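>>> I'd like to go over a predicted model; first the sequence, then the structure.
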Amino acid sequence: AQTVTQSQPEMSVQEAETVTLSCTYDTSENNYYLFWYKQPPSRQMILVIRQEAYKQQNATENRFSVNFQKAAKSFSLKISDSQLGDTAMYFCAFMIRNNAGNMLTFGGGTRLMVKP
Amino acid sequence: DAEITQSPRHKITETGRQVTLACHQTWNHNNMFWYRQDLGHGLRLIHYSYGVHDTNKGEVSDGYSVSRSNTEDLPLTLESAASSQTSVYFCASSESSVKEAFFGQGTRLTVV
């Protein structure tokens, strides 16, 4: 079974600064995907960024980037130039890579507050 | 545009009543999932389906059931609602070849 741990229940950052959210996971699988989802107050789950475990290069999406350390089973999210609209719950998630299906295992979430 | 919708968005029910939450997707995805979201637990998998007439139990399936009679719908039924089932419920769908799951907007269920 896979487990995902987010050790920071809440974080805050000043607008325009950089913040890093932590995520660790445990698995015996070798082929998998990792995700960060954002959940704003609207409750909608929004995919922020995706990393394929077989790729060594860290994924980036505009102001969002990850630090993927496969050996350490660590997958942190860095948000640069934080904006007020980044205020949300952030969930780290894990998915085994196979053709049968793709259920997600989620961490407990980190509530991020961006302060003006 | 293709989408995934849940109904109702909010529901209050009494302990012991049967409740069904609807989930409908228009992407023609084979895979559909139900999660519940509780503070400190993130989202936990209740049931999932990989196609018509296929259903499987997830991590927290006790007290819930699903059926898949067509590709578009995966209703979630609480046979006898309990206060411990007060939660926000999310439906999601995906295609095996696609590396992303799409989520509905959630149903907030309160059992009193």
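It's in.

>>> So for chain A, the centremost residue is which one?
A:Trp36 (2.9 Å; Cα atoms, centre = their mean).

>>> Just the CA atoms of the helix or strand encompassing it, as CSV, please.
Taking DSSP states H and E as the criterion, A:Trp36 maps to strand A:32-39. Extracted in CSV, the C-alpha atoms of strand A:32-39 (Å, rounded to 0.1, in the frame of the first residue of the first chain):
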residue,chain,number,x,y,z
TYR,A,32,4.3,6.0,-10.7
TYR,A,33,3.2,9.6,-10.9
LEU,A,34,3.1,12.3,-8.3
PHE,A,35,0.8,15.3,-8.3
TRP,A,36,0.1,18.5,-6.5
TYR,A,37,-3.6,19.5,-6.4
LYS,A,38,-4.9,22.9,-5.3
GLN,A,39,-8.3,23.3,-3.6
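
>>> Which stretches in the chain count as strands?
Picking chain A for this. Applying DSSP state E to chain A gives strands spanning A:3-5, A:10-14, A:19-21, A:24-26, A:32-39, A:46-52, A:60-61, A:64-69, A:74-79, A:88-96, A:105-106, A:110-115.

>>> Correction: the question concerned chain B.
Secondary structure of chain B (DSSP E): strands located at B:4-7, B:10-13, B:19-25, B:31-38, B:42-51, B:54-57, B:64-66, B:76-78, B:87-94, B:102-103, B:107-111.

>>> Turn those into TSV, columns for mean pLDDT, distance to chain A and mean neighbour count.
Every C-beta, even on glycine, is put in place using the N, C-alpha and C of the backbone. Formatted as TSV, the entries for the strands of chain B read as follows, by pLDDT from 0 to 100; distance: least, Cβ to the nearest Cβ, whole Å; neighbours: other Cβ atoms under 10 Å in any protein chain shown:
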stretch	mean pLDDT	distance to chain A	mean neighbour count
strand B:4-7	96	10	17
strand B:10-13	97	11	13
strand B:19-25	97	14	19
strand B:31-38	95	5	24
strand B:42-51	92	4	21
strand B:54-57	94	9	14
strand B:64-66	97	14	20
strand B:76-78	98	15	18
strand B:87-94	95	5	24
strand B:102-103	92	4	20
strand B:107-111	97	8	18
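
>>> In PDB, could you pull the C-alpha coordinates for stretch A:89-108?
Provided in PDB are the C-alpha atoms of stretch A:89-108 (Å, rounded to 0.1, in the frame of the first residue of the first chain):
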ATOM      1  CA  MET A  89      -5.400  23.800   0.400                       C
ATOM      2  CA  TYR A  90      -2.700  21.900  -1.400                       C
ATOM      3  CA  PHE A  91      -2.700  18.200  -1.700                       C
ATOM      4  CA  CYS A  92       0.100  15.900  -2.700                       C
ATOM      5  CA  ALA A  93      -1.000  12.700  -4.400                       C
ATOM      6  CA  PHE A  94       0.500   9.500  -5.700                       C
ATOM      7  CA  MET A  95      -0.700   7.200  -8.500                       C
ATOM      8  CA  ILE A  96       0.700   3.900  -9.700                       C
ATOM      9  CA  ARG A  97       1.500   3.800 -13.400                       C
ATOM     10  CA  ASN A  98      -0.400   1.000 -15.000                       C
ATOM     11  CA  ASN A  99      -3.000   0.300 -17.600                       C
ATOM     12  CA  ALA A 100      -5.700  -1.000 -15.300                       C
ATOM     13  CA  GLY A 101      -6.700   2.300 -13.700                       C
ATOM     14  CA  ASN A 102      -5.300   5.300 -11.900                       C
ATOM     15  CA  MET A 103      -6.600   5.800  -8.400                       C
ATOM     16  CA  LEU A 104      -5.000   8.500  -6.400                       C
ATOM     17  CA  THR A 105      -3.700   8.300  -2.800                       C
ATOM     18  CA  PHE A 106      -3.700  11.700  -1.200                       C
ATOM     19  CA  GLY A 107      -1.800  13.300   1.700                       C
ATOM     20  CA  GLY A 108      -3.600  15.100   4.400                       C
END
